[in-house]
Every structure is written in structure tokens, then in C-alpha cells.
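Enquirer: what would the 3D arrangement of this be:
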Amino acid sequence: MTNLEHLVFVTNEMVAHIEELDGYIFLDRFGEGPAGLREKILTYATTEEAQGWLNIVLIDQSISHIVGDDWDLDDPAIKQILSSIEKAWGYQIEARFPHVKFSISRIFDPEYGDVGLKLTNVSNAET
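Expert: This next block holds a predicted model:
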């Protein structure tokens, strides 16, 4: 994959289509549609567990392919990239599913070099 193709991949993560299935929101990162997402969901014990795994997006490998390995988790640009993705997801959810309460958490794992985001519903008990 070329650097430009990795940049396309990252921008596609930013504008990933989001579906609501059984009250849960899911990133449709690969254009599978509701039927494809439902098939994936069925491979997990619960819809909540499926959401916890299917809505994790790591971008560290794409960053390395685009800029090389000379970047740091503490670089302010990483936080800016994550913020842009958070805004894109948030705007889509708020526009399409205004009744859904959601959370986007950042993933920073220095041990493995992982950086990304996780999208989940927020239950009424958590609000």
C-alpha cells in the first residue's frame, strides 16, 4: 500500500458510515451494511461485546506508513488527528441518531504503540 493509499484509509476512518442496530451504534468501516454487521455481531456473546470490539479503530500503522516510524504518542499532532476523527463521528451520530448517547474514548498504549479510538453507547445509568 502506498503512502497515499494509507492516507485514504485514515480519511475513510474519519468518515466511516455509522449504523444503528438494536439500539447500538456500529462503525461500518468496510461498507458491509446492516446485514454484514449483523453477521459479525452474531460471532460475539452479546451485542455490547461486539460493539466493544468492532468499534475499535487503531491508526498507528497508517501513521507509520505515511510519515515513517519517527513519531511519538505524545506528539500534539496525534491528538489533533484523533480529535478530527472524533468530530467527524460525533457530527454524524448527532445528525443521524440524535437520541443515541455515545462516548468516544482515546486509545494510547505505549507498550504496543497503539493509538486509536473506541466508539460505544453510553447507557442511561452512566449519564
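
Enquirer: so how far is the top helix by length along the chain from its chain's centroid?
Expert: For the chain, the helix with the greatest residue count under DSSP state H is helix 76-96. Here helix 76-96 shows a centroid-to-chain-centroid distance of 9 Å under the convention C-alpha atoms, centre = their mean, to the nearest Å.

Enquirer: next up, the contacts around residue 20.
Expert: By C-beta atoms under 8 Å, 6 or more residues apart in numbering, the contact list for residue 20 reads 26, 96, 97, 100. C-betas here are computed from N, CA, C, even on glycine.

Enquirer: could you redo the last one with a cut-off of 10 Å?
Expert: 26, 34, 93, 96, 97, 99, 100, 121 (C-beta atoms under 10 Å, 6 or more residues apart in numbering).

Enquirer: elements contacting the helix or strand where the first one lies?
Expert: Per DSSP states H and E: residue 26 is located in strand 24-28. Counting contacts by 3 or more C-beta pairs under 10 Å, 6 or more residues apart in numbering; DSSP states H and E, the secondary-structure elements packed against strand 24-28 are strand 17-21, helix 33-41, helix 47-54, helix 76-96, strand 114-121.

Enquirer: identify whichever of those lies nearest to residue 64.
Expert: Nearest to residue 64 among these is strand 114-121 (10.2 Å), distances taken as C-beta to C-beta.
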